[in-house]
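Peer 1: predicted coordinates and the sequence they were generated for:
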Amino acid sequence: QLQLVESGGGLVQSGGSLRLSCAASRYYLRYYAIGWFRQAPGKEREGVSCSSRSGSSINYLDSAKGRFTISRDNAKNTVYLQMNNLKPEDTAIYSCAAGWDCSSRGPDYDRWGQGTQVTVSS
């Protein structure tokens, strides 16, 4: 079965950038829509962005528009989330998930990675 592993999280100052990676193994990523989600302490999980099977991008988070960009490299079996101008409110565990179609709802995805912590200091 498809396995997903996130990387690229860490501690960054406000205004900084991070690029998260979601690497797939045991199956080809191109057959899946890949969504990025985040969950901050004490808050519900929210959809951030999605890369469809056709390669189109959907942004779900109004606060991230213009700052976060999703992309995929099927040759590397990896989807990326480039995050610029990070803010303390972006602090969360970021997870990627695989599904048939893009959706902002977590239950619509079948496979999940373990998540990577992003902490933005003020």
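Peer 2: Thanks, I have the structure now. Numbers count the residues shown, from 1 in each chain.

Peer 1: how about the residue nearest the centre of the chain, nearest residue that isn't a chain neighbour?
Peer 2: Using C-alpha atoms, centre = their mean, the residue of the chain that lies closest to the mean C-alpha position is residue 36, 2.7 Å off. Spatial nearest neighbour of residue 36, chain neighbours left out: residue 48 (4.3 Å); criterion: C-beta to C-beta, 6 or more residues apart in numbering. C-beta: built from backbone N, CA, C; applies to glycine.

Peer 1: assign a three-state SS to the one you found, would you?
Peer 2: strand (DSSP: H, G, I helix; E, B strand; the rest coil).

Peer 1: re earlier: what residues are bridge-paired with the residue nearest to the centre of the chain?
Peer 2: Bridge pairing for residue 36 (DSSP bridges) gives the partners residue 49, residue 96.

Peer 1: ok, it to residue 59 distance?
Peer 2: In this view, residue 36 and residue 59 are 10 Å apart by C-beta to C-beta, to the nearest Å.
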